[in-house]
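Student: got a structure for you, letters missing:
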């Protein structure tokens, strides 16, 4: 059974700091890995999707990497801003069947002005 | 806001009530999903529908009854719920299974359900 773990569970940093969020998964039979952002009480906003054949994806100040063989991904946020405060979720899409997403519990990020 | 909408956004119900959650997608997708997000737990897949047919039920109690009348609409009918069913219920859609890595899911804003 696939298990997705996100470390740390919560992170508080001062504005302007670069930071890294970690995600690990136990089953490497995945199609892709996706990072989402969730604001309190809201739905999910997709940030980056990395195909299993890719090593990284970049969007603005965000960079996500994937090492499928070791079951790890990182989300790097450069020059953090208070508006980046949210919960960040990592999810992997399982191969076969309904291609379902398996999520981690998330990392709650607070960027202090 | 995405091309997936959900109503209502907030719902408070008693344990003896019957209510329904609605999801609509405007993306021309053929697969739709219900997820549950409880406090302190990861998002959990509940049901999957492909081309209006249910293809996955993740051991969900029968007090949750999904309905998919067409590829654009998905309902979750609720009856005799328990307080522990209070959660954020998220709907998602995707093009269709079989596309593998390209079957990206798009999420709605969710319905915050409170069962008293």
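Tutor: Nice, thanks for sending it over. Here the structure is a predicted model, which is why all the values come from computation and not from measurement.
Student: switch to C-alpha atoms for all contacts and neighbour counts from now on
Tutor: Will do.
Student: which residues of the chain fall in strands?
Tutor: The chain I'm using is chain A. With strands called from DSSP state E, chain A shows them at A:4-7, A:10-14, A:19-25, A:30-38, A:44-51, A:56-59, A:62-67, A:72-77, A:86-94, A:101-103, A:107-112.
Student: Wait, chain B was what I had in mind.
Tutor: Along chain B, counting by DSSP E, strands occupy B:4-7, B:10-13, B:18-25, B:31-37, B:44-50, B:53-57, B:64-70, B:73-79, B:87-94, B:106-107, B:111-115.
Student: Put together a markdown table for the ones you listed, with mean neighbour count, mean pLDDT and distance to residue A:58 on each row.
Tutor: Converted to a markdown table, these look like this (neighbours: other Cα atoms under 10 Å in any protein chain shown; pLDDT from 0 to 100; distance: least, Cα to Cα, whole Å):
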| stretch | mean neighbour count | mean pLDDT | distance to residue A:58 |
| --- | --- | --- | --- |
| strand B:4-7 | 20 | 96 | 25 |
| strand B:10-13 | 15 | 95 | 35 |
| strand B:18-25 | 20 | 97 | 28 |
| strand B:31-37 | 23 | 95 | 28 |
| strand B:44-50 | 22 | 93 | 27 |
| strand B:53-57 | 15 | 91 | 33 |
| strand B:64-70 | 16 | 96 | 36 |
| strand B:73-79 | 20 | 97 | 33 |
| strand B:87-94 | 26 | 95 | 23 |
| strand B:106-107 | 24 | 92 | 19 |
| strand B:111-115 | 20 | 96 | 31 |
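Student: Nearest to chain B, out of the strands of chain A?
Tutor: When the strands of chain A are compared by Cα to the nearest Cα, strand A:30-38 sits nearest chain B, at 4.7 Å.
Student: tilt between the closest one and strand A:72-77?
Tutor: Between strand A:30-38 and strand A:72-77, the angle comes out at 30 degrees (axes from the mean of the first three to the mean of the last three Cα atoms, to 10 degrees).
Student: No further queries at this time; thank you.
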